[in-house]
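Visitor: One predicted model, sequence on top.
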Amino acid sequence: MKIEVIGKRGLSGWLEIAVAALMAVGVAMLPAMWWVLQWMMGAAGITLNNHYYVGMVVLMEYSDALALAVLWSGRKILRSINRNRPFSGGNARRIRVIAVCCGLLAAGYVVYGTLRLSYFAFVMALAFLLMCLVLIIGAELFRAAVEFKEENDLTI
């Protein structure tokens, strides 16, 4: 049995739907973050003073906003794949936008880790920084592939 990967009925089509659903959750979380975080900490039996709580909420709001930008770009990439136009300059730019968002997330976690002396925040910052660098390379390779495809289309 062969699984269809690309197309509206394939894996990329289902992934586009999943990304749209995640975006809806992310949008709903933006105004609700204060209460959701408080509920989660209470359910885990963790009591935080207001100073740490505010810092965590600010970091989560910052992360949520950047995650929404990543999901938006990812959804547009998946849409172009599903429309059989994956190699476009727009997708190369979208990959670069995702890379910039990862870099901004890394910077945010470094700031939070420095202010709170959080080992976890520094690990997250490193992960986002590595993802940023890999995506910058990927965006450049994708841009070169788009140029190659455009040149190839002109010779036919």
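Guide: All right, it came through fine.
Visitor: For the residue nearest to the spatial centre of the chain, list the residues it contacts.
Guide: Here the mean C-alpha position of the chain is nearest to the C-alpha of Val70 (Cα atoms, centre = their mean), at a distance of 3.4 Å. Applying Cβ atoms under 8 Å, 6 or more residues apart in numbering, one finds that Val70 lies in contact with Ile98, Cys101, Cys102. C-beta: built from backbone N, CA, C; applies to glycine.
Visitor: Restricted to helices, list those.
Guide: Ile98, Cys101, Cys102 (DSSP state H).
Visitor: rewinding a little: pipe the contacts of Val70 into a markdown table and attach distance to Trp35, pLDDT and neighbour count per row.
Guide: As requested, those are arranged in a markdown table below (distance: Cβ to Cβ, whole Å; pLDDT from 0 to 100; neighbours: other Cβ atoms under 10 Å):
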| residue | distance to Trp35 | pLDDT | neighbour count |
| --- | --- | --- | --- |
| Ile98 | 29 | 96 | 24 |
| Cys101 | 25 | 96 | 24 |
| Cys102 | 28 | 96 | 22 |
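Visitor: what about whatever helix or strand Trp35 lives in, average pLDDT?
Guide: Following DSSP states H and E, one finds Trp35 within helix 11-43. For helix 11-43, the mean per-residue pLDDT is 85.
Visitor: Then stretch 137-147?
Guide: Stretch 137-147 carries an average pLDDT of 89.
Visitor: buried residues in it?
Guide: With burial defined by 16 or more other Cβ atoms under 10 Å, the residues of stretch 137-147 counted as buried are Ala139, Phe142, Arg143, Val146.
Visitor: pretty sure the third one contacts Gly90?
Guide: No: in this structure, Arg143 sits apart from Gly90 without contact. The criterion is Cβ atoms under 8 Å, and the distance is 10.9 Å.
Visitor: can you tell me which helix or strand the nearest residue to Phe87 once chain neighbours are set aside belongs to?
Guide: Spatial nearest neighbour of Phe87, excluding adjacent residues (Cβ to Cβ, 6 or more residues apart in numbering): Lys149 at 4.7 Å. Secondary-structure element containing Lys149, defined by DSSP H and E: helix 119-155.
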